[in-house]
Structures are given as C-alpha cells and as structure tokens.
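**Q** I would like to see how this sequence folds:
(one chain, ligands or ions: 2)
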Amino acid sequence: MVTYVQPKVRFKCTLCGECCRRYWITVTVDDLLAIFINSGLRPSEVSALYNANVAGDWQAPRIRLRDGYYYLVLRKRVDGSCIFNEWRGDRMICTIHSYKPLTCRFYPFIYHWVYDKLYFELYDKAMGYCPGVGNGPIVDLARESEYAVKSREAKERFRVFVNHWNKLVDDKSVEATVDSFMNYLDCVIGLLAGRPLECPGVFKVNELLPALTGGPLH
Ligand code: SF4
Ligand code: SF4
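**A** Numbering: from 1, shown residues only. Ligands and ions are numbered 1, 2, ... in the order given. Down below sits the predicted model:
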C-alpha cells in the first residue's frame, strides 16, 4: 500500500457531470483496453486526437502525425459532454463508471509524487463550481491512492506505445494520418484483449507487445 498525504476536505460527488463537460480526458492503452473488454467498443469509436499545439502541455505522450503532435482523448458530443455521460433524472451519470479511465477517478483532487509518496491537493479551479466540495463527510483518498499507482504504470505503458508509433512514423513505415493511427490503436488493443481486430498496416506489433504485457493490464 502506498503512503499518501491528503487535505482534510469534505467531498461527495453530486453527479452533476460538470467536470466531464469541462475537460478533455486523456486516455491510455489500459483505459481503452478496459473499455473494449467491458463494452466491445473499439478504441477508434470512443477516442479522438486533440492537437497538442492548441492544448498546451498536458503532461501526456504526444502522438506524431504528418501535420504535428496530438494527444489521445475520449470523444465528446457537440455540447461538450463526454460520450459516456447520460442523464438519469437530474443527475448526469457515467455509463462506464466501473471501468472508466483512470484520469476520471481523482477529480476534484490532483496529486504529485515525491519519490514513492503521494501528495493530494484539492484542485483550485474546482472550487467554486464543483458542488461536491464541502458536501458529505471528510473524504478518505485511500482508493484514489491505489488508482494513482495504477495510473503511473499505465502511463509508462502508454509512453512505450506512443514511442513505438512515433518511431514507425520517423522510419516512414506507416502513413502519419489519423486513420492509420486509429488502425494501429485498434490493432494493438484487439491483440491485448485476445480478440484480434483487423491490422491493415505494418505496425511491427511483435516488437511492441512484450513491452506492453510486462505488467498487469486490466
Ligand atoms: S463537478 Fe464535482 S460534483 Fe460534479 S460530477 Fe464532477 S466531481 Fe462530481
Ligand atoms: S468516462 Fe465517465 S467520468 Fe470520465 S469523462 Fe466520461 S462520463 Fe465523465
């Protein structure tokens, strides 16, 4: 179990859905694998690429395409809501709650590591619009601390996955287009799930898969 430090804050999510609307959610191979295994939805159906020049520094690996670098994110609807948001009465729930991306599991808290110790803070931008802050009992972030450990491992695997793609682009082994990247994504996730999808490109997955399966995937 990881050691963590957290603020003494009352918090209970009211399921207003505002954080899902406000933010783009970066996703990893682990996240998309969990969604594919549990829902059957392909990564290319639920994810999109967001231009890194527009985004700024999101501290996530950048995917190289021929016109620049991109982040991999969950798709949104035109009203800004996540494609997995659904109204139930006056609440906006997450329809994939039990296997939602790790990024979604911390709000309104953020954290940083100092060696192997975790420090949580309340995200200052959440104060004022997240109605869950100040609601309910003093929160205990034990579960979130476990997610943070998983997230660190998932981000490392995702970095390997993106580096492999960027090298394929550098070597001119693939077309550096959105379609080609999405084929690569579907191909790798299908293989990891044991449910192969089409792989209509030369993605050299035999070189990649051992590096991705070295640790536990969902
Ligand atoms: S903004 Fe706060 S209360 Fe609303 S869904 Fe997000 S965490 Fe929950
Ligand atoms: S996956 Fe769920 S929690 Fe995450 S942004 Fe979408 S609806 Fe919100």
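**Q** which residues touch Gly201?
**A** Listed by Cβ atoms under 8 Å, 6 or more residues apart in numbering, the contact partners of Gly201 are Val174, Glu175, Ser180, Asn183, Tyr184, Cys187. Glycine gets a C-beta too; all of them are placed from N, C-alpha and C.
**Q** typed the wrong thing, it's Cys19
**A** Contact analysis of Cys19 by Cβ under 8 Å, 6+ apart lists Tyr107, Pro108, Ala126, Cys130.
**Q** now swap in Asp170 and tell me
**A** The neighbourhood of Asp170, defined by Cβ under 8 Å, 6+ apart, consists of Arg64.
**Q** Quick check: pLDDT value at it.
**A** The pLDDT attached to Asp170 in the predicted structure is 96.
**Q** next one: Leu217
**A** According to the per-residue confidence, Leu217 scores 47 in pLDDT.
**Q** circling back to that earlier point, only the buried subset of the contacts of Cys19, as a PyMOL command please.
**A** In PyMOL, this line selects whichever of those come out buried by 16 or more other Cβ atoms under 10 Å:
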select buried, resi 107+108+126+130
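**Q** Reformat the contacts of Cys19 as JSON lines; add pLDDT and distance to ligand 1.
**A** Conversion of these to JSON lines gives the following (pLDDT from 0 to 100; distance: Cβ to the nearest ligand atom, whole Å):
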{"residue": "Tyr107", "pLDDT": "97", "distance to ligand 1": "5"}
{"residue": "Pro108", "pLDDT": "97", "distance to ligand 1": "5"}
{"residue": "Ala126", "pLDDT": "93", "distance to ligand 1": "7"}
{"residue": "Cys130", "pLDDT": "97", "distance to ligand 1": "3"}
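**Q** Make JSON lines out of the contacts of Cys19 and add secondary structure.
**A** Listed next are the contacts of Cys19 as JSON lines, based on DSSP: H, G, I helix; E, B strand; the rest coil:
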{"residue": "Tyr107", "secondary structure": "coil"}
{"residue": "Pro108", "secondary structure": "coil"}
{"residue": "Ala126", "secondary structure": "helix"}
{"residue": "Cys130", "secondary structure": "coil"}
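**Q** out of the contacts of Cys19, which one sits closest to ligand 2?
**A** Distances from these to ligand 2 were compared by Cβ to the nearest ligand atom; the smallest belongs to Tyr107, at 8.1 Å.
**Q** what sits up against stretch 74-84?
**A** 17, 20-22, 24-25, 27, 46-48, 85, 92, 94-96, 100-101.
**Q** what do you get for stretch 172-186?
**A** Contacts of stretch 172-186 with the rest of the structure, by Cβ under 8 Å, 6+ apart, involve 32, 42-44, 47, 49, 63-66, 72, 165, 168-169, 197-204.
**Q** For this protein, which residues score under the pLDDT cut-off?
**A** Applying pLDDT under 70 to the predicted model, the residue ranges of the chain that meet it are 215-218.
**Q** which parts of it sit against ligand 1?
**A** Among all residues of the chain, those adjacent to ligand 1 (criterion: Cβ under 6 Å from any ligand atom) are Cys13, Thr14, Leu15, Cys16, Gly17, Glu18, Cys19, Tyr107, Pro108, Cys130, Pro131, Gly132.
**Q** In CSV, list the residues you listed along with secondary structure.
**A** Supplementary listing: the residues of the chain next to ligand 1 in CSV, determined by three-state DSSP:
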residue, secondary structure
Cys13, coil
Thr14, coil
Leu15, coil
Cys16, coil
Gly17, coil
Glu18, helix
Cys19, helix
Tyr107, coil
Pro108, coil
Cys130, coil
Pro131, coil
Gly132, coil
